[in-house]
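A.B. asks: 3D, please:
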Amino acid sequence: MNRLQAFGRICDTRSVRFLLCDMQEKFQSTISHFPAIAEVNRRLVEAARIMEIPVIVTEQYPKALGHTIPLLGVKEGEAYPKSQFSMLIDEVNKEIKTASHIILFGIETHVCILQTALELLENGFTVHVIADGVSSRNMVDRMYALERMRDAGAHITTCESILFQLLGDSKHPNFKEVQKLIMEISPDSGLLASQ
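C.D. replies: Sure thing, here's the model as predicted:
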């Protein structure tokens, strides 16, 4: 691991991919703070589109769990269906092969997010997990999954922090558009309540 990876510094957004994990209809009633997580995820997806950073989306067994919630603007056929818990199915691996930084968000923190993060780290990627963009059914699972990912080498950050890191400068050509997304404070996603 080089020094930039150790610090999680992103120097070139062309090396970045956003991975949106399993934000599906059936989870809305069971995941803690789902509306807040969904709003943070919407901001991330919109910012990625503005900055022309690819967003790769998966859905866990969509036949039973439904498709990605409409709020996120994922068109039919854009999400890859999967049965394994890690997002790293063949189609996703092809889309991330030229990346070095992965921005990871969605659900559930202690299952699909954790397994994806660990596999990405094993494969040499720098992983940034968006703490206010992930959740689980209960906060204990979420809290310990975030700790485990940090211990394994992932960078735990927030939506606003990663977006400013990707912009890097107020002179960035997309600064004003992205700034509009974060002018309103992110909704409470229960992070502090889980401590």
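A.B. asks: strands along this protein, start to end?
C.D. replies: Under the criterion DSSP state E, the chain carries strands at the ranges 16-21, 55-60, 79-82, 101-107, 126-135, 155-157.
A.B. asks: distance of Ser189 from Arg49?
C.D. replies: Distance of Ser189 to Arg49, given as C-beta to C-beta, to the nearest Å: 22 Å. From N, CA and C alone the C-beta is placed, and that goes for glycine too.
A.B. asks: okay, those two: which has more neighbours?
C.D. replies: Relative neighbour count places Ser189 above the other of Ser189 and Arg49, with 26 against 14, counting by other C-beta atoms under 10 Å.
A.B. asks: hang on, the earlier thing: now the strands of the chain in JSON lines, with mean pLDDT?
C.D. replies: JSON lines is the format used below for the strands of the chain (pLDDT from 0 to 100):
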{"stretch": "strand 16-21", "mean pLDDT": "98"}
{"stretch": "strand 55-60", "mean pLDDT": "98"}
{"stretch": "strand 79-82", "mean pLDDT": "98"}
{"stretch": "strand 101-107", "mean pLDDT": "98"}
{"stretch": "strand 126-135", "mean pLDDT": "97"}
{"stretch": "strand 155-157", "mean pLDDT": "97"}
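A.B. asks: with mean neighbour count and distance to Lys171 added, can I get the ones you listed in a markdown table?
C.D. replies: Putting the strands of the chain into a markdown table (neighbours: other C-beta atoms under 10 Å; distance: least, C-beta to C-beta, whole Å) gives the following:
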| stretch | mean neighbour count | distance to Lys171 |
| --- | --- | --- |
| strand 16-21 | 25 | 19 |
| strand 55-60 | 22 | 25 |
| strand 79-82 | 18 | 35 |
| strand 101-107 | 27 | 21 |
| strand 126-135 | 26 | 23 |
| strand 155-157 | 19 | 22 |
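A.B. asks: how about a markdown table for these, with distance to Thr68 added?
C.D. replies: Rendered in a markdown table, the data for the strands of the chain read as follows (distance: least, C-beta to C-beta, whole Å):
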| stretch | distance to Thr68 |
| --- | --- |
| strand 16-21 | 8 |
| strand 55-60 | 6 |
| strand 79-82 | 5 |
| strand 101-107 | 9 |
| strand 126-135 | 14 |
| strand 155-157 | 23 |
